[in-house]
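**Student:** Sequence and predicted model, in that order:
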Amino acid sequence: MRHGRKVNHLGRTHAHRLAMLSNMATSLIMHKRIKTTVAKAKALQQYVEPLINRSKEDTTHSRRVVFSYLQNKYAVTELFREVAGKVADRPGGYTRIIKLGTRLGDAAEMCLIELVDFNEVYSKTGKATATKKAPVRRSRKKSTAAATDAKVVEEAPAAEAPKAEETPAAE
């Protein structure tokens with residue numbers, strides 16, 4: 001029984017788990033979405049959300065604290081420039097876990113973990129909803145232009161055939 005055990009060890013040592021979570025957090029910040037197992041995604045969610053919350057306040061101290069977790073200066077720059085600007089008015093819940101089903105090899109539960117404000121499908125002002133087109137109505141009848149094109153194609157080879165016969169006679 002796991003009474004009172006709050007940390008999922010993920011079958012790894014402490015140092016290995018922290019390195020894995022740091023790498024996954026860096027990938028999540030750089031790519032905005034990653035595919036992983038549900039257990040790792042839940043552990044990553046607890047790891048990365050306080051870092052995103054700290055990025056709202058752009059001070060040297062908060063940058064150094066976040067760098068001590070991520071160990072990647074490019075990820076820290078991305079977090080404080082792009083991600084912090086989008087989540088500035090959000091009080092929490094910066095990540096979303098979308099379950100995908102089981103993995104073929106070992107039947108592990110797979111999921112996508114993504115940053116909430118970077119998905120255009122769910123956002124109200126995203127690209128998918130902004131470029132909505134009117135539905136197109138199509139009839140079952142053939143158009144008259146298509147029918148006349150077919151007649152022209154049938155007549156064209158017949159007109160070219162006599163020319164081919166005339167050329168050998170001229171020689």
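**Tutor:** Received, thanks.

**Student:** And residue 70, how close does it get to residue 139?
**Tutor:** Using CB to CB, to the nearest Å, residue 70 is found at 58 Å from residue 139. For the C-beta atoms, the positions are set from N, CA and C on the backbone; glycine is no exception.

**Student:** now swap in residue 94 and tell me
**Tutor:** 49 Å.

**Student:** neighbour-wise, which of residue 70 and residue 139 wins?
**Tutor:** The neighbour count for residue 70 versus residue 139, taken as other CB atoms under 10 Å, is higher for residue 70 (21 against 6).

**Student:** need the contact list for that one.
**Tutor:** 22, 25-26, 29, 51, 76, 79 (CB atoms under 8 Å, 6 or more residues apart in numbering).

**Student:** List just the nearest of those to residue 43.
**Tutor:** Closest to residue 43 out of those is residue 25 (10.4 Å), distances taken as CB to CB.

**Student:** Now that residue 56 has come up, it's in contact with residue 85, right?
**Tutor:** No. If you go by CB atoms under 8 Å, residue 56 and residue 85 don't touch, sitting 9.4 Å apart.

**Student:** Who has more neighbours out of those two?
**Tutor:** The residue with more neighbours, out of residue 56 and residue 85, is residue 56; 15 against 12, by other CB under 10 Å.

**Student:** Next, give phi and psi for that one.
**Tutor:** Dihedral angles of residue 56 (phi, psi; degrees, to the nearest 10) stand at phi -60, psi -30.

**Student:** separation between it and residue 111?
**Tutor:** 26 Å.

**Student:** Work out for me the element residue 99 sits within.
**Tutor:** Of the helices and strands defined by DSSP states H and E, residue 99 is found in strand 95-102.

**Student:** swap that for residue 35, sorry
**Tutor:** Remark: residue 35 resides in strand 33-37, with elements defined by DSSP H and E.
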